[in-house]
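Student: build me a structure from this.
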Amino acid sequence: MFQSLVRASFCMVAGVLLQGPGCLTVPLPEDSGGSSVDRDHIRVRFLNQSNWALDVQFYATGEVGDAETVLFLDANQVTAEIGLAGRGLILAWETDEIVLLCDNARTIGTRGGDFLNAEGGESAGTGEQRVFVLGEQYNCEETITIVYRGDGDTFETSYLVD
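Tutor: Numbering: from 1, shown residues only. Just a heads-up that it's a prediction; the model follows:
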């Protein structure tokens, strides 16, 4: 727990001082150990770099096609194993990750994330929608890190593939 707080503090200070995405590799989940996934899987990391609670709004499907007709369907929303009580909610300055079978993740994405007031659950804003297609933006064995940032009235969603 203490390590997570130190990492979050470092990332917050580095983000302010460096004004860039230099924090992308700092706050990793404790159990990841930096290990890679096998050639049949993809790892997706979620970083909430904000003072807001976050609904990651993450979706995955084994199909390839238009995001609105193939990906962003209720049946494709992934919340299990992500965040607080497996509901897709990540607290302020926290991280989480999920490993998916590539056959079930040919198209993945986020609607941008919904930044929520932790006390009442009201939406404060959303980031940008991001969509990734297997073989175009990522390959199996890689890790996609989706970074959600929120500051005041500005909300953004960026990513890193490695």
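Student: for G22, give me the pLDDT.
Tutor: At G22, the predicted lDDT confidence score is 34.
Student: tell me the pLDDT of the residue nearest to G86 when sequence neighbours are not counted.
Tutor: Spatially, and ignoring its direct neighbours in sequence, G86 is nearest to A80 (5.0 Å; CB to CB, 6 or more residues apart in numbering). (Each C-beta comes from the backbone N, C-alpha and C, glycine too.) We have a pLDDT of 88 for A80.
Student: wasn't A80 part of a strand?
Tutor: No: inclusion of A80 in a strand is not indicated when DSSP: H, G, I helix; E, B strand; the rest coil is applied; the result is coil.
Student: can you give me the helices for the protein?
Tutor: 2-18 (DSSP state H).
Student: lowest average confidence, helix or strand, in it?
Tutor: The least trusted helix or strand in the chain, going by mean pLDDT, DSSP states H and E, turns out to be helix 2-18, with a mean of 37.
Student: separation between the residue nearest to E94 when sequence neighbours are not counted and R87?
Tutor: Closest residue to E94 in three dimensions, ignoring its sequence neighbours and counting by CB to CB, 6+ apart: N48, at 5.5 Å. Here N48 is placed at a distance of 14 Å from R87 (CB to CB, to the nearest Å).
Student: tell me which of those two has more neighbours.
Tutor: Neighbour count, other CB atoms under 10 Å: between N48 and R87, N48 has more, with 27 against 12.
Student: and the more buried one, how far is that from I98?
Tutor: Distance of N48 to I98, given as CB to CB: 14 Å.
Student: and if you look at A60?
Tutor: 9 Å.
Student: shared neighbours of these two, which are they?
Tutor: Here A60 and I98 share the contacting residues V78, scored by CB atoms under 8 Å, 6 or more residues apart in numbering.
Student: run a quick neighbour tally on the nearest residue to L116 once chain neighbours are set aside.
Tutor: Among residues not flanking L116 along the chain, A53 sits closest, at 4.5 Å (CB to CB, 6+ apart). Counted with other CB under 10 Å, residues neighbouring A53 total 21.
Student: per-residue confidence at A53?
Tutor: The predicted local confidence for A53 comes out at a pLDDT of 95.
Student: residue contacts, it?
Tutor: Residues counted as contacts of A53 (CB under 8 Å, 6+ apart) are 89-92, 115-118, 121.
Student: list the ones among those residues that fall in strands.
Tutor: 89-90, 115-116 (DSSP state E).
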